[in-house]
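Peer 1: 3D model of this:
(chains A, B, C and D)
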Number of protein chains: 2
Amino acid sequence: MREDVTSAVGAYRRIKHGILDLTYRPGRKLSETTLAEQLGVGRSPIRTALARLEGEGWIEVSPQSGTFVRALSEREIGELSELRGILETHCIGLAVERLPDAELARLTAAFDELGARARRGDAEAFIELDNRLHELSYDTADNALIAQTLRGLRDKVQWIRRACAVSGSRVLDGLTEIEGIHAALVQRDAAAARARMKQHIENAARFCRMVEARPRRVRPDRAPPA
Amino acid sequence: MREDVTSAVGAYRRIKHGILDLTYRPGRKLSETTLAEQLGVGRSPIRTALARLEGEGWIEVSPQSGTFVRALSEREIGELSELRGILETHCIGLAVERLPDAELARLTAAFDELGARARRGDAEAFIELDNRLHELSYDTADNALIAQTLRGLRDKVQWIRRACAVSGSRVLDGLTEIEGIHAALVQRDAAAARARMKQHIENAARFCRMVEARPRRVRPDRAPPA
DNA sequence: AGTCGCAGACTAGTTAACAAGTTGGGCAGT
DNA sequence: ACTGCCCAACTTGTTAACTAGTCTGCGACT
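Peer 2: Residues are numbered from 1 along each chain as shown, chains lettered A, B, ... in the order given. Below you'll find the model as predicted:
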């Protein structure tokens, strides 16, 4: 594995990776001491990594008690999807106006090639295509803050999908949806693109309920955050 | 001052407060050792606080070199305003639909009382009124994630305003703007409310260029972020 | 049998000392 | 006078030991 600049960012990457691939499932306890031993570093880099993960909403620290992978409530999943819908809709609307024809042609080529593979059940091809579409719209929107926010939200959505074990048939439905968005792009129809993107986002995180690894108490919550 | 739960959150509050009230101006170096001595704690709580502030985008840490209060470029200010505009517009649109008449009546009363004071030049009254309007729309939108994001963005905008020493005449202009939004709320006119809110946000952070405390080099940037 | 209390083994929070790297000023050589 | 090197001071990164709070399970008492 590539050598990390600091122990802290290495720990961050490995722990987040462990959360995303469900090695550390929602509700699971993450002991600083244990993680430090497993990663072969002291507790400080672990604490730095955990602080960042807490800030990004992946984990929850209960003082003097434990650190746990967060499970998102249905409400939180809904809030997350609402925010994502607003921003993705905004970006795709701008892409309709601003995306250069040359870029659009390359996207169309990708849809021709990867779309065919996805239709034969290649989930990787679908994910690649989905990424291309979204990232292209982020680039076009030309707002690093919004793009960064959206990437964080997408991480969460994909994590939720995995934690819910959504069926593979979503791939075909999803493909149909993004093909519709692509068609709207080609026709330079902003209203259709926005409406279809909204629908796409709403479908993405629907009917999900996270299952925690173990039941656990609610956070003691000794102090309200600033 | 209220006793803090942990040294780390106390340090976070005091350092952030120092940034907001311009005690620590953009570009200024924040030494962990010095801060630890000033606040009477060890370096660890300071590091925890700084990590959080870095995550929120207030400071920038250069390894083995120093920690600096970030200065926002015109571009970043623009991006920030764009995001804020999108979300505030969304919230005020929902408020038009959902805000109960009783709540609206209380807001109108506040406009009568505080508005008069603001028109006589009471900046505090204007800020209070502005807060009431925005917070009410956040509550109505009923999305904690969006509300939290918006509060963070508002912190930044108010900080920018202070760092740019925007003239006091903005108070009267701002009052006129939010009175217009209030009027649209009363008339239950979503389109007008959204348009006026958009204009209000755009005006808020216009013509600002941050002045750093001291010139300094760009960050060494030894490693690309994850 | 059921319940209360205590003790021990955890947890995260904090500290101080040490390691590794950067920075800037002063001195020597040209 | 100017240039280049070097060293000393200061920076954040990391570690291990210590502190204080929480939880769990065993045991005695009711």
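Peer 1: What count of nearby residues applies to the nearest residue to residue A:210 once chain neighbours are set aside?
Peer 2: Residue nearest to residue A:210 in three dimensions, not counting chain neighbours: residue A:71, with 4.5 Å by CB to CB, 6 or more residues apart in numbering or on different chains. Just so you know, the C-beta spots here come from the backbone N, C-alpha and C atoms, and that holds for glycine as well. Residues near residue A:71, counting by other CB atoms under 10 Å in any protein chain shown, number 19.
Peer 1: which SS state does residue A:71 fall under?
Peer 2: Here residue A:71 is recorded as coil under DSSP: H, G, I helix; E, B strand; the rest coil.
Peer 1: for chain A, what's the longest helix?
Peer 2: In chain A, with assignment by DSSP state H, the single longest helix is helix A:74-98.
Peer 1: so which strand or helix has the residue most central in space within chain A?
Peer 2: Centroid check for chain A by CA atoms, centre = their mean gives residue A:155 as the closest residue, at 1.7 Å. For residue A:155, the host element (DSSP states H and E) is helix A:144-164.
Peer 1: With chain B in mind, check whether that helix reaches it.
Peer 2: Yes - applying CB under 8 Å from any CB of the partner chain, one finds helix A:144-164 touching chain B at A:144-146, A:149.
Peer 1: One more: stretch A:191-207?
Peer 2: No - counting by CB under 8 Å from any CB, chain B has no neighbours in stretch A:191-207; the shortest distance is 12.4 Å.
Peer 1: now that stretch, how far from the chain's geometric center?
Peer 2: 15 Å (CA atoms, centre = their mean, to the nearest Å).
Peer 1: List the buried residues for it?
Peer 2: In terms of neighbour count (16 or more other CB atoms under 10 Å in any protein chain shown), stretch A:191-207 has its buried residues at A:192-197, A:200-201, A:204-205.
Peer 1: From those residues, which land in helices?
Peer 2: Short answer: these in helices (DSSP H) are A:192-197, A:200-201, A:204.
Peer 1: still on that earlier bit, can you tell me the number of residues neighbouring the residue nearest to the residue nearest to the centre of chain A when sequence neighbours are not counted?
Peer 2: Using CB to CB, 6+ apart and skipping the chain neighbours, the partner closest in space to residue A:155 is residue A:20 (7.1 Å). When counting by other CB under 10 Å, one arrives at 16 neighbours for residue A:20.
Peer 1: In chain A, which residue sits nearest DNA strand D?
Peer 2: Nearest residue of chain A to DNA strand D: residue A:44, at 2.3 Å (CB to the nearest atom of the strand).
Peer 1: and the gap between that residue and DNA strand C?
Peer 2: 6 Å (CB to the nearest atom of the strand, to the nearest Å).
Peer 1: can you check residue A:9 too?
Peer 2: Distance, residue A:9 to DNA strand C, using CB to the nearest atom of the strand: 14 Å.
Peer 1: Near DNA strand D, which residues of chain A are found?
Peer 2: Taking CB under 7 Å from any atom of the strand, the part of chain A that reaches DNA strand D is made up of A:6-8, A:41-45, A:48, A:62-65, A:217, A:220, A:222.
Peer 1: Looking at the residues you listed, which are in helices?
Peer 2: Judged by DSSP H, helices contain the following of the residues of chain A next to DNA strand D: A:7-8, A:43-45, A:48.
Peer 1: What subset of these is buried?
Peer 2: Buried residues within those, counting neighbours by 16+ other CB under 10 Å: A:7-8, A:45, A:48.
Peer 1: Now pLDDT too, for those residues, in a markdown table please.
Peer 2: Output for those, formatted as a markdown table (pLDDT from 0 to 100):
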| residue | pLDDT |
| --- | --- |
| A:7 | 91 |
| A:8 | 94 |
| A:45 | 97 |
| A:48 | 97 |
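Peer 1: wait, which of those residues is closest to chain B?
Peer 2: Each of those was scored against chain B by CB to the nearest CB, and residue A:48 proved nearest at 6.0 Å.
Peer 1: is it true that the closest one touches residue B:50?
Peer 2: No - in this structure, residue A:48 is not within contact of residue B:50 by CB atoms under 8 Å, at 10.2 Å.
Peer 1: what angle do the helix or strand hosting residue A:176 and helix A:144-164 make?
Peer 2: Counting by DSSP H and E, the element that carries residue A:176 is helix A:169-186. For helix A:169-186 against helix A:144-164, the angle by axes from the mean of the first three to the mean of the last three CA atoms, to 10 degrees is 160 degrees.
Peer 1: So which elements touch helix A:169-186?
Peer 2: With contacts taken as 3 or more CB pairs under 8 Å, 6 or more residues apart in numbering or on different chains; DSSP states H and E, helix A:169-186 sits against helix A:74-98, helix A:101-119, helix A:123-141, helix A:190-204.
Peer 1: elements contacting the last one?
Peer 2: Of the remaining helices and strands, those touching helix A:190-204 by 3+ CB pairs under 8 Å, 6+ apart are helix A:74-98, helix A:169-186.
Peer 1: ditto for the first one
Peer 2: Judged by 3+ CB pairs under 8 Å, 6+ apart, the packing partners of helix A:74-98 are helix A:123-141, helix A:144-164, helix A:169-186, helix A:190-204, helix B:74-98, helix B:144-164.
Peer 1: mind redoing it with 6 Å?
Peer 2: When contacts are defined as 3 or more CB pairs under 6 Å, 6 or more residues apart in numbering or on different chains; DSSP states H and E, helix A:74-98 packs onto helix A:123-141, helix A:144-164, helix A:190-204, helix B:144-164.
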